[in-house]
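>>> below is the structure, and that's it, no one-letter string:
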């Protein structure tokens, strides 16, 4: 009887330790990746020397940095996000519109949001010469979705 | 010297075998109960008591078919809400498992305890409700809101096989306490669109590789029907 009791106790502990084991390792909601290219030589990437980026009414994501590409999140609460880009204190804004779709990933990761039909609703052109959408579906963080020529 | 030892060895084997054969001749005839044993899982109502969002009940039954072989069946229902980091869902449905147990325990005369291995086929009909989820985003630049779609996925099925190890002890006359562990392997399941069956009644939590584990703590009563000689 003592043997059975030990086995029962061990089984109870085994049951209690079975919950919450996996951690989220899959890719979740992707961000928008923008590359900056030279408008004169369109195959050449060109850094912005003094870049500051922020979404409308929000804190800055990048402040006075020299970069040739940026990764910015899109707003999941609405179908558009207005971003402002300041290059050497010259300000331009781009209004991105998209359709949101929530895709199931796994137990631990839950759902991720992917963005389809990415479009540029309107933008100003103080320092931005041209904008090209490379991929209108944002499913992953692997390649640039937008190219900005300046 | 070694020859003597070999001789002694064979003599001892001979002696033990004759002794045991004598014992077989000596045994008195013991009548054993063959009948239906029915009971329920004790852990499920206890879980309900501690977790209000986990209601379940399971009936168990087995029938001694031949010597050490028992036909076994379990049936029950479950209504359980699971809360994960980014999702909250409710699983509701019923299940039935049928199969057999083989008792590997050699009882003393008159005792009917069991240490058994078994195999089951399990089948479940259930619904899933995705109560809420929060889209998983790295960073907190934009505030993510929890969405409450309350999407219902009805008429889902799952079927699987189980390997069972367990024991039953006769504590009072014809009253048995049992404990068992089962290792479940999903054969197939109808997964809902854009969601997954993360919990299946009877199968329990579905792990990444479509396996599961189950624990049973049962109390059951044997209704003796026929008595047979051992």
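That came through fine. None of the values given here were measured: they were computed from a predicted structure.
>>> could you use CA atoms for every contact and neighbour count after this?
Fine.
>>> which bits of chain B sit near chain A?
Of all the residues in chain B, those in contact range of chain A (Cα under 8 Å from any Cα of the partner chain) are B:84-87, B:133-138, B:141-145, B:179, B:194-196, B:198, B:215.
>>> give me the buried subset of the residues you listed.
Neighbour counting over the residues of chain B next to chain A (16 or more other Cα atoms under 10 Å in any protein chain shown) leaves B:86-87, B:133-137, B:141, B:179, B:195-196, B:198, B:215 as the buried ones.
>>> can you put these in CSV and add pLDDT?
Output for these, formatted as CSV (pLDDT from 0 to 100):
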residue, pLDDT
B:86, 92
B:87, 94
B:133, 95
B:134, 94
B:135, 93
B:136, 92
B:137, 91
B:141, 89
B:179, 94
B:195, 94
B:196, 93
B:198, 93
B:215, 92
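>>> may I ask which two of those are separated the most?
Maximum pairwise distance in these, criterion Cα to Cα, is 50.9 Å, between B:141 and B:179.
>>> beta-bridge partners for the residue positioned nearest the centre of chain B, please?
Per Cα atoms, centre = their mean, the C-alpha nearest to the average position across chain B is that of residue B:182, at 4.7 Å. Beta bridges link residue B:182 to residue B:164, residue B:214, judged by DSSP bridges.
>>> nearest spatial neighbour of the residue nearest the centre of chain A, skipping sequence neighbours?
The centroid of chain A falls nearest to residue A:31 when counting by Cα atoms, centre = their mean (1.1 Å). Leaving out its chain neighbours, the residue that sits closest to residue A:31 by Cα to Cα, 6 or more residues apart in numbering or on different chains is residue A:73, at 4.6 Å.
>>> quick one, phi/psi of that neighbour?
Main-chain dihedrals, residue A:73, degrees, to the nearest 10: phi -80, psi 150.
>>> my read is that it contacts residue A:28, right?
No: the criterion here is Cα atoms under 8 Å, and residue A:73 misses it with residue A:28 at 12.0 Å.
>>> the two: which is more packed in?
Using other Cα atoms under 10 Å in any protein chain shown as the criterion, residue A:73 and residue A:28 rank with residue A:28 on top: 24 against 19.
>>> what pLDDT does residue B:211 get?
With respect to pLDDT, residue B:211 has a value of 90.
>>> separation between it and residue B:162?
According to Cα to Cα, to the nearest Å, residue B:211 stands 10 Å off from residue B:162.
>>> between those two, which is the more surrounded one?
residue B:162 (24 against 18).
>>> can you tell me which residues contact that one?
B:119, B:120, B:121, B:122, B:182, B:183, B:184, B:185 (Cα atoms under 8 Å, 6 or more residues apart in numbering or on different chains).
>>> in three-state terms, label residue B:46 for me.
Here residue B:46 is recorded as helix under DSSP: H, G, I helix; E, B strand; the rest coil.
>>> in helices, which of the contacts of residue B:162 appear?
Nothing among the contacts of residue B:162 maps onto helices, per DSSP state H.
>>> ok, of the residues you listed, which one's closest to residue B:156?
residue B:122 (14.1 Å).
>>> right, and the closest one touches residue B:98 too?
Yes: here residue B:122 reaches residue B:98: they are 6.6 Å apart, a contact under Cα under 8 Å.
>>> higher neighbour count, these two?
Neighbours were counted for residue B:122 and for residue B:98 using other Cα under 10 Å; residue B:122 has more, 25 against 18.
>>> list the residues that contact the residue nearest to that one when sequence neighbours are not counted.
Residue nearest to residue B:122 in three dimensions, not counting chain neighbours: residue B:97, with 4.2 Å by Cα to Cα, 6+ apart. Residue B:97 makes contacts with B:73, B:74, B:75, B:120, B:121, B:122, B:123, as judged by Cα under 8 Å, 6+ apart.
>>> filter those residues to the buried ones?
Neighbour counting over the contacts of residue B:97 (16+ other Cα under 10 Å) leaves B:73, B:74, B:75, B:120, B:121, B:122, B:123 as the buried ones.
>>> these into CSV, with extra columns for pLDDT?
Shown next, in CSV, are these (pLDDT from 0 to 100):
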residue, pLDDT
B:73, 96
B:74, 95
B:75, 95
B:120, 95
B:121, 96
B:122, 95
B:123, 96
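>>> strands - which of those land there?
B:73, B:74, B:75, B:120, B:121, B:122, B:123 (DSSP state E).
>>> what is the nearest of those residues to residue B:104?
Comparing these against residue B:104 with Cα to Cα places residue B:120 closest, at 17.1 Å.
>>> isn't that closest one up against residue B:159?
No: between residue B:120 and residue B:159 there is no contact under Cα under 8 Å: 10.6 Å.
>>> and residue B:185, what is it in contact with?
For residue B:185, the contact set (Cα under 8 Å, 6+ apart) comprises B:160, B:161, B:162, B:210, B:211, B:212.
>>> got a list of contacts for the strand or helix carrying residue A:66?
Take DSSP states H and E as the rule and residue A:66 turns out to sit in strand A:60-67. Outside of strand A:60-67, the residues within contact range by Cα under 8 Å, 6+ apart are A:47, A:48, A:49, A:50, A:51, A:52, A:53, A:54, A:72.
>>> just to revisit the earlier point, got JSON lines for the contacts of residue B:162, with distance to residue B:110 too?
As requested, the contacts of residue B:162 are arranged in JSON lines below (distance: Cα to Cα, whole Å):
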{"residue": "B:119", "distance to residue B:110": "27"}
{"residue": "B:120", "distance to residue B:110": "28"}
{"residue": "B:121", "distance to residue B:110": "32"}
{"residue": "B:122", "distance to residue B:110": "33"}
{"residue": "B:182", "distance to residue B:110": "29"}
{"residue": "B:183", "distance to residue B:110": "32"}
{"residue": "B:184", "distance to residue B:110": "34"}
{"residue": "B:185", "distance to residue B:110": "37"}
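>>> buried ones in the longest strand anywhere in chain A, by neighbour count?
Longest strand in chain A by number of residues (criterion: DSSP E): strand A:90-106. By neighbour count on 16+ other Cα under 10 Å, the buried set for strand A:90-106 is A:91-100, A:102-106.
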